[in-house]
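In: Structure, please.
(2 chains)
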Amino acid sequence: MAEERERKSATTDLTRRDFLEGSAAALAATSATPALLGAAGSGDWADVAVARAVREQTQAAPSTPITLTVNGTEHRIDVEDRWTLNELLRDHLDLTGSKIGCNRGECGACTVLLDGEPIYSCSTLAVWADGRAVRTVEGLERDGEVSFLQQAFIDFNAPQCGFCTPGQLMTATALLERNPYPNAEEVRAALAGNLCRCSNYNAIVEAVMAAAGTLPGGGAQ
Amino acid sequence: MSPRQSAPQVAPLSTVGRDTPRIDAYERVTGRATYTGDLHLPGMLYARVLRSPYPHARIRSIDVSGARALAGVRAVITHETHPDVVYGSGSIAGGRQYSDAAKDMTLHKRYMFDNPVRHVGQPVAAVAAVDRHVAEEALELIDIDWEELPFVLDVEEALEPDAPRIWPEGNIGLDFRNEPQPMTSMQGDPAAGFAAANHVFEDRYTTAFVQDAQMEPRTTIAHWEGDKLILHTPTQGISNCRHDNAKDLGLEDHQVQVVCRYMGGGFGDKNGSYYFDLIAAMLSREVGGAPVMVELTRKDDWLGTHGRWHTVQDLRVGVTDDGTLTAIELRAHSGMGPYLRRSGSLSGIDAYACSNVERVIYPVHTNRMVSGNFRGPSEPQGYFPIQSMMDGIAYDLGMDPVDFALKNMLRPTDEIRFTNYTLDQCIERGADLFDWPSRWRPEPGSDPGPVKRGAGMSFMMFRSGVGPSSAILRVDSSGRFTAFVGVTDIGPGAKTTMAMIAAEELGVPLSMIDVVWGDTDRCPYSVGESGSRTTIMTGYAVVEAARDLKRQIADRGMPQGDAVLIASATPTPSTQGMRRNCFGAHFVEVEVDTELGRTRVTKYVAVHESGRILNPLPARDQIRGAAIQGIGQALHEDLLYDFRNGQPLTAGYYGARHVTHLDVPEIEVTFIEDDDGFGPFGAKTVGEAGIILAPSAVANAIFNAIGVRMKDLPITRARILEALA
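Out: Residues are numbered from 1 along each chain as shown, chains lettered A, B, ... in the order given. You can find the predicted model right below:
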């Protein structure tokens, strides 16, 4: 059976981990990829079912303790080395705002900010977030108030089905923090990696333009 | 062109007709909106589905012992463990999927797990495990001894006598008598019509498969409470989804609860159940009723759901010297995949006034993936060929295509009466807003230099029929009203629209209305959000319920203390034999780089009459989004196959080259408003209307730019370069 499995995995697609690890090796010279620290103990999740599930798997799946900040809160957590950042956020930190549309880096629904830069959380291993700051759509409100960008999304009907909306918001947030007064062409270029199958592209661009100059750190001009 | 008439206008109302942000917009911009995949129920297991890697194959044996032995695996099901579960609504075409009798009698049953399998991506087994990694690993441990069978992908080859047989009855879809027959219609005397023509034009057009490709991959959670099944699933129609699943599982409707609070895109093919609802239900039963979440990967979803049927269409059109149509003939093949999930019908010819018309449309089975409904199921791929033909005929007769349209489009007659008719106004207003005379080149392809501009237009009429649906309204002593409506809000903002209708009819502010939606245990029957029916039908039920509630309040006063007043309505309105349509015309300018083959849309004007527009903000975006989807169909999207091995090659957003922010023009939308006295406050269809015209209008503009008729969708760079070579 083991031999049979070996043959199968050689002929089927690369696994996500193979793929991402390959990318990581290529990136290692320029990014802070954390070292793998080997297998570690159980996690500390409140949900009993998940905890049991994970314990059953820990013999087979190596994990690594990491520290990361998510929406301003520091988390120390054991993550399986095969988890993506999206899995960590959605399944283990209960932040389900960022979505999985394709799970293969095509659609942008999973976009979050990693140290302020928009990234596809489906194509980022959780261990790579060690020591870094993550921002998700749940972190856009301030003191219970939606951001100007979120309000513009409401006013301009930017969400139709709403599934791509968190990703569009995160990319647009990063854009406006970097470039507070983008023109429409710059908005479209920044959001090129965020698909909307409702194709509400016109309204999304209008909403981002309407929020120009309103984000903290970006509105000083 | 004829002189402009003044457009009809409707007086504004209190709530209806004003730009209104969605009542759930806050949830949608904060990540609080919970889609099915966001739910985690206590003790929930994760499931994955193993799919056929072959286009046509028989399973000689299937060994799941390795998967069962893997730590963390809780259940494995296959065609051997569950041989008798039929996916009824996936087995039969068109409106028949709502008919239990048709589900029972069809010879072409689509099983939850079928053997033989008939397309790449067809489910063959499913695993439930403690997490999704274990479930995925378990799939790799399932051993199948396959016997590959001959396959066929081309719709015309499939009808050759020696073609591989996908069904014993052959490769033509079965009609409602279980006979393999094409859909035919005949009016007048086409032979006489062609004989009377001064010119007969003949051409072949093809259109490609287009995946609905909703952003949310299909996800279903099933669990059992005793003999009651609870399903969380992204559906466009909770009522139909409940009934389909109950029927397939041998349950009564009341034994199934369907919940869909938020869902990530509809576009047509989700008004009912899916086979993975059945898979989730069966896996859950295997584990004592614990919740099981079946998640489709993007590739699973792409190949294992449905999309717009691809077609090959041969058209003949007879016309006199003065541009009068004498006869139209259509012979078409619609590629349905191996199961007849929908009809394969084609619209578009019916928008022309011609008394001699013959249509023969073969729904053809192939070993491609299954086709289904996508926003205007029969329309964009039906309109593209006929509106391209007519555009070309106008040039050949030396006529302006706009004048040719106004001359030959269907108008009201003594036999064909409309509740109202504004198509001429849509065309004239569009031509005016677009500045047709300055953008359209009388001599196609006449721009100097390699980058050429051109303009094209097309027009349509589309059903806006009235029909039955239900709504319940309640008022309590606080003076708040609650609307119970069986909608799921797939994107157009149905919840908000229902609340606006209730507020308008009750004469109270929108803020006084709460909406209960998306749960069959809490909401009455709704037709479901397909066929652009929710606003018209469920919306009208809200109007009727509100009238009843107002009468009760007038009779008995507002409720006091713990009392409530409740009104329900299931109206069955009728247009008394009149045709009720919405109308539209699209005008497009393109720029074609004849050296690179690249097409860019530089101006897009869409004029629609959809009755009274209840909420202009999302209505505008329904048209804009639909037009952009249509541009994708015109220029980008396809599902290519390797004909040597039957493998699909472009399953995914990247492969199918979906439009991005970088590809889209600004769509300029104008509504001509009217109130024909039907529907809620005169509202008509919006959601599907906008996608119908983009492929034909874009293609006609490309002809005007380059002087070569592009007859195959999508109009890719390669095809343009080939046509110009």
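In: what sits opposite B:V258 in the beta ladder?
Out: B:L231 (DSSP bridges).
In: For it, give its distance to chain A.
Out: 18 Å (C-beta to the nearest C-beta, to the nearest Å). Backbone N, C-alpha and C define where each C-beta goes, glycine included.
In: Would you mind listing the residues in contact with B:S14?
Out: B:A503, B:E504, B:G507 (C-beta atoms under 8 Å, 6 or more residues apart in numbering or on different chains).
In: what's the domain layout of chain A?
Out: Taking automatic domain parsing as the reference, chain A has its domains at A:17-139, A:148-210.
In: Neighbour-wise, which one of the contacts of B:S14 leads?
Out: Neighbour counts for the contacts of B:S14 (other C-beta atoms under 10 Å in any protein chain shown) peak at B:A503, which has 24 neighbours.
In: isn't that one right up against B:P509?
Out: Yes: the criterion here is C-beta atoms under 8 Å, and B:A503 meets it with B:P509 at 6.4 Å.
In: Right, and chain B sits closest to which residue of chain A?
Out: A:G97 (2.2 Å; C-beta to the nearest C-beta).
In: Could you find the closest non-adjacent residue to that residue?
Out: B:G31 (2.2 Å; C-beta to C-beta, 6 or more residues apart in numbering or on different chains).
In: for B:V487, same thing?
Out: B:A494 (4.2 Å).
In: Cross-check the contact I'm expecting between the one you found and B:E529.
Out: Yes: counting by C-beta under 8 Å, B:A494 touches B:E529, with 6.1 Å between them.
In: can you list residues touching both of these two?
Out: Joint contacts of B:A494 and B:E529 (C-beta under 8 Å, 6+ apart) are B:V487, B:T488.
In: Need the pLDDT of A:A60.
Out: Listed pLDDT for A:A60 reads 63.
In: before we move on, what about B:V152?
Out: For B:V152, the model assigns a pLDDT of 98.
In: related to what we said a few turns ago, for the residue of chain A closest to chain B, give me the pLDDT.
Out: 98.
In: Three-state assignment for it, please.
Out: What DSSP: H, G, I helix; E, B strand; the rest coil gives for A:G97 is coil.
In: OK, contacts around it?
Out: A:T136, A:V137, A:E138, A:P166, B:T30, B:G31, B:R32.
In: The same query, at a cut-off of 10 Å, please.
Out: By C-beta atoms under 10 Å, 6 or more residues apart in numbering or on different chains, A:G97 lies in contact with A:89-90, A:112, A:136-140, A:165-167, A:169-170, B:29-34, B:38.
In: Can I get the buried ones among those as something I can paste into ChimeraX?
Out: This is the ChimeraX syntax for the buried subset of these, where burial follows 16 or more other C-beta atoms under 10 Å in any protein chain shown:
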select /A:89,90,112,136,137,138,139,140,165,166,167,169,170 /B:29,30,31,32,33,38
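In: residues contacting the residue in the stretch 151-300 of chain B that chain A sits nearest to?
Out: Minimum separation of the stretch 151-300 of chain B from chain A (C-beta to the nearest C-beta) falls at B:G264, amounting to 3.1 Å. With contacts defined as C-beta under 10 Å, 6+ apart, B:G264 is in contact with A:99, A:101, A:109, A:160-165, A:197-198, B:33, B:35-37, B:214-219, B:234, B:490-491.
In: excluding its backbone neighbours, what's nearest it?
Out: Per C-beta to C-beta, 6+ apart, closest to B:G264 is B:E216, 2.4 Å.
In: Thought B:D301 was touching the one you found, still the case?
Out: Yes: under the criterion of C-beta atoms under 10 Å, B:E216 makes contact with B:D301 at 8.9 Å.
In: can you list residues touching both of the two?
Out: A:G101.
In: Which residues of the stretch 101-250 of chain B lie near chain A?
Out: The stretch 101-250 of chain B has residues B:129-134, B:136-137, B:139-143, B:211-217, B:219, B:234 near chain A, with proximity defined as C-beta under 10 Å from any C-beta of the partner chain.
In: quick check, nearest of the contacts of B:S14 to B:K407?
Out: Comparing the contacts of B:S14 against B:K407 with C-beta to C-beta picks out B:E504 as the nearest, at 40.4 Å.
In: which secondary structure element contains the closest one?
Out: B:E504 belongs to helix B:494-506 when assigned by DSSP states H and E.
In: Whichever helix or strand comes after that helix pairs with which strands, and in what direction?
Out: Helices and strands here follow DSSP H and E; after helix B:494-506, the next one along the chain is strand B:513-516. Strand B:513-516 has its sheet partners listed here by DSSP bridges as strand B:481-484 (parallel).
In: And the partner strand, how far out from the chain middle?
Out: On the basis of C-alpha atoms, centre = their mean, to the nearest Å, strand B:481-484 sits 29 Å off its chain's mean C-alpha point.
In: counting contacts, what elements does the longest helix anywhere in chain A pack onto?
Out: Secondary structure assigned by DSSP state H gives helix A:165-178 as the longest helix of chain A. If you count contacts as 3 or more C-beta pairs under 10 Å, 6 or more residues apart in numbering or on different chains; DSSP states H and E, helix A:165-178 packs onto strand A:111-114, strand A:117-120, strand A:133-135, helix A:148-155, helix A:184-190, helix A:201-210, helix B:25-30.
In: Tell me the buried residues in stretch B:40-59?
Out: So, applying 16+ other C-beta under 10 Å, buried residues of stretch B:40-59: B:40, B:43-57, B:59.
In: restrict these to contacts with chain A.
Out: B:H40, B:G43, B:M44, B:L45, B:Y46, B:P53.
In: Thanks a lot, catch you later.
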